[in-house]
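K.L.:
structure here, sequence nowhere to be found:
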Ligand SMILES: [Ca+2]
């Protein structure tokens with residue numbers, strides 16, 4: 001029996017598919033519309049151009065961090081109890097009916113992190129109905145399943161020594177000329193660092209391209225935030241895209257347009273040999 005298994009292994013070499021997954025992001029155009037997005041300009045512990053706001057200041061510790069994604073400084077936010085949220089806020093002039101990409105880099109030890117935008121008129125009154133788009137950053141530490149039942153690789157921002165970009169793609173409405181950007185900590189104890197906030201005009205959508213040296217059996221694109229438990233666990237939420245290409249298909253591409261504008265996707269490719277390949281966008285970086 002052992003001999004036969006060994007012979008089979010020799011006669012039938014494993015034929016693993018070679019799969020590559022490329023992501024072409026939206027193309028940013030023009031200047032950063034946020035002032036001091038890199039938090040380099042700080043006076044008396046507060047970043048110029050931003051206003052820190054919370055209903056319970058005692059719940060927070062807000063300090064300048066020398067651990068920066070870029071430059072020399074970033075802003076560290078410690079949410080002590082999770083009893084309240086707190087945000088750095090800045091408003092920016094925008095053009096109606098244009099596409100924008102908001103990017104904020106987060107490096108977090110723990111907590112739930114929220115970046116959201118509202119729209120207001122030039123006189124400061126919020127639009128009615130309100131415009132509200134948001135992107136959450138979530139960290140495995142502090143989750144009751146981590147690290148025994150939950151692979152930290154499956155949570156964005158789960159590695160405390162890596163930076164994660166929080167990406168929010170939005171389109172302004174016909175009446176919209178002013179966006180209010182809020183970058184902060186949601187209702188959870190946590191310790192995180194923010195750097196490099198930018199708001200820019202953008203063209204095109206995120207495009208995912210798959211190439212394989214075998215036929216593609218299926219390609220699925222998920223919202224990573226709705227799928228925190230890894231490939232072998234029950235998935236939460238339907239895929240954004242699910243396709244079963246016809247036989248003979250070895251390349252595939254599609255625009256990925258998450259309904260809420262938050263871009264954080266995982267792609268699952270299954271090839272004819274039954275092998276799964278996973279890819280993610282955006283990537284975390286050191
Ligand atoms: Ca910086």
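P.N.:
Done, it's in. On a predicted model such as this, the values are computed, not experimentally measured, just so you know. Residues are numbered from 1 along each chain as shown.
K.L.:
neighbours around the closest residue to residue 215 other than its chain neighbours, how many?
P.N.:
Leaving out its chain neighbours, the residue that sits closest to residue 215 by CB to CB, 6 or more residues apart in numbering is residue 272, at 4.3 Å. (C-beta placed from N, C-alpha, C; glycine too.) For residue 272, the neighbour count with other CB atoms under 10 Å is 14.
K.L.:
check residue 173 too.
P.N.:
12.
K.L.:
next one: residue 278
P.N.:
Using other CB under 10 Å, residue 278 has 15 neighbouring residues.
K.L.:
also residue 216?
P.N.:
24.
K.L.:
if we can go back for a sec, the residue nearest to residue 215 is in contact with residue 213, isn't it?
P.N.:
No. Using CB atoms under 8 Å, residue 272 is not in contact with residue 213; the gap is 10.1 Å.
K.L.:
off-centre distance for the longest strand belonging to the chain?
P.N.:
Scanning the chain for the longest strand, with DSSP state E as the assignment, gives strand 190-203. Remark: strand 190-203 is offset 10 Å from the chain centroid, using CA atoms, centre = their mean, to the nearest Å.
K.L.:
I'd like the next helix or strand past that strand.
P.N.:
The C-terminal neighbour of strand 190-203 among helices and strands, as given by DSSP states H and E, is strand 206-212.
K.L.:
give the pairing partners of that next one; include direction for each.
P.N.:
Sheet pairing of strand 206-212 (DSSP bridges) gives strand 19-24 (antiparallel), strand 251-256 (antiparallel).
K.L.:
report the distance from that strand to the chain centre.
P.N.:
That offset, for strand 206-212, works out to 18 Å (CA atoms, centre = their mean).
K.L.:
which residues are in contact with both of residue 272 and residue 213?
P.N.:
Common contacts of residue 272 and residue 213 (CB atoms under 8 Å, 6 or more residues apart in numbering): residue 17.
K.L.:
go through the strands paired with strand 206-212 and pick out the most buried.
P.N.:
Stretch with highest mean neighbour count among the strands paired with strand 206-212: strand 19-24 (a mean of 16; mean count of other CB atoms under 10 Å).
K.L.:
can you name the next helix or strand after that strand?
P.N.:
Downstream of strand 19-24, the next assigned helix or strand under DSSP H and E is strand 27-29.
K.L.:
for that following strand, which positions count as buried?
P.N.:
Judged by neighbour count (16 or more other CB atoms under 10 Å), strand 27-29 contains these buried residues: residue 28.
K.L.:
stretch 272-286 too?
P.N.:
275, 277, 279-282, 284.
K.L.:
what's the end-to-end length of that stretch?
P.N.:
Start and end residues of stretch 272-286 are separated by 35 Å (CA to CA, to the nearest Å).
K.L.:
which elements pack onto the longest strand of the chain?
P.N.:
The helices and strands touching strand 190-203, judged by 3 or more CB pairs under 8 Å, 6 or more residues apart in numbering; DSSP states H and E, are strand 27-29, strand 74-79, strand 99-110, strand 112-120, strand 178-185.
K.L.:
pLDDT of it, averaged?
P.N.:
Averaged across strand 190-203, pLDDT comes to 96.
K.L.:
I am finished for the moment; much appreciated.
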